[in-house]
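[1] pasting the sequence and the predicted coordinates here, then a few questions.
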Amino acid sequence: MDRRALVNQKENLKMKMMKKWNLVFWMMLLTTAMSWGQTSVRGVVSDQEIGEVLIGANVVFHQDGLFKYGASTNFEGFYQLTVEPGIYDVTFSYLGYVDHKITGVVDKAGRFNTLDIEMRLEDFQIT
């Protein structure tokens, strides 16, 4: 191989490496930009009277009357959702308890939003 062929081969290799690094850069930038557009909402759902956590309580986020996100609490009464920033109506429900609805919950981008709830038992009358 002559010198010119080696120089061309070296230049082609440099261009390929630059294209790969350029692709990696743009992928990282896009991923970062997408994560900035989301926020996290988390909290604990518990009983109002005795403070025990409620396992399997439902947490539902509505926006403009439409279902957007939902989750259930774990064995520690904890829930966490990744949502788009915005204003939501949030409903907490659990069998035997009065549904707890909060309107106008504002979730801001780039931070954890905490929403802990205490639910009360539903009044039952046996007839």
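    Looks like it arrived, so ask away.

[2] need the pLDDT of residue 56.
    pLDDT, residue 56: 96.

[3] that one belongs to a strand?
    No: read with DSSP: H, G, I helix; E, B strand; the rest coil, residue 56 is coil and lies in no strand.

[4] contact partners for it?
    72-73, 94 (CB atoms under 8 Å, 6 or more residues apart in numbering). In short, each C-beta sits where N, CA and C put it, glycine included.

[5] helix, strand or coil for residue 17?
    From three-state DSSP, the assignment for residue 17 is helix.

[6] number of nearby residues for it?
    For residue 17, the neighbour count with other CB atoms under 10 Å is 10.

[7] dig out what the residue nearest the centre of the chain forms beta bridges with.
    Centroid-nearest residue in the chain: residue 82, 0.6 Å away (criterion: CA atoms, centre = their mean). For residue 82, the beta-bridge partners under DSSP bridges are residue 40.

[8] and the one 4 residues further on, by the same measure?
    Beta-bridge pairing of residue 86, defined through DSSP bridges, involves residue 107.

[9] count of residues packed around it?
    The burial count for residue 86: 15, using other CB under 10 Å.

[10] ok, it to residue 41 distance?
    Here residue 86 is placed at a distance of 11 Å from residue 41 (CB to CB, to the nearest Å).

[11] quick one: residues contacting residue 38.
    82-85, 109.

[12] just the buried residues out of the residues you listed, in PyMOL syntax.
    Buried residues within the contacts of residue 38, by 16 or more other CB atoms under 10 Å, are selected in PyMOL with:
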select buried, resi 83+85
